[in-house]
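Colleague: Task: produce atomic coordinates for the following.
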Amino acid sequence: MDADKVAVVASWPAPRFAHGLWGFLGLTVYYRKFIRDFSLIAVPLTPLLRKDAFAWDDEADAAFQALKGALSTGPVLQMPNFDKQFVVDCDASGAGFGAVLH
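Modeller: Coordinates of the predicted model:
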């Protein structure tokens, strides 16, 4: 991960208006597939985007901090434990081949 980009995300201030929240959620939605339980974490933030509904509270701040933390830490890559059962999902197309180990 690029240290400069991590620093920018880590120093992102809490939004004071719905427009700032839109910008932050736009960034996080782009990376949602890399954030486990993204939709569950973002639940307290999405109602704040409604018209005249922006009211920042502790629950919203906790969700904001959790998403910032998820964006600024990378996934841990390691070798599989061959003593345990695991699944390999594969997907192929005319342009390439991909696999995910669960």
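
Colleague: Give me the neighbour count for residue 72.
Modeller: Neighbours of residue 72 under the rule other Cβ atoms under 10 Å: 16. Using the backbone N, CA and C atoms, a C-beta is placed for each residue, glycine as well.

Colleague: Isn't it up against residue 8?
Modeller: No. In this structure, residue 72 is not within contact of residue 8 by Cβ atoms under 8 Å, at 9.2 Å.

Colleague: Please enumerate the shared neighbours of these two.
Modeller: Counting by Cβ atoms under 8 Å, 6 or more residues apart in numbering, residue 72 and residue 8 have no common neighbour.

Colleague: Show me the strands in this protein, by range?
Modeller: With DSSP state E as the criterion, the chain has strands at 88-92, 97-101.

Colleague: between those strands, which gets nearest to residue 48?
Modeller: Among these, the nearest to residue 48 by Cβ to Cβ is strand 97-101 (33.1 Å).

Colleague: Give the pairing partners of the closest one; include direction for each.
Modeller: According to DSSP bridges, strand 97-101 has the following sheet partners: strand 88-92 (antiparallel).

Colleague: Go ahead and measure how far the partner strand is from the middle of the chain.
Modeller: 23 Å (Cα atoms, centre = their mean, to the nearest Å).

Colleague: CA-only coordinates of that strand in PDB, if you can.
Modeller: Only the C-alpha atoms of strand 88-92 are listed here, as PDB (Å, rounded to 0.1, in the frame of the first residue of the first chain):
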ATOM      1  CA  VAL A  88     -10.900 -22.700  -4.400                       C
ATOM      2  CA  ASP A  89     -13.400 -20.700  -6.500                       C
ATOM      3  CA  CYS A  90     -12.300 -20.300 -10.200                       C
ATOM      4  CA  ASP A  91     -13.600 -18.100 -12.900                       C
ATOM      5  CA  ALA A  92     -12.500 -18.100 -16.500                       C
END
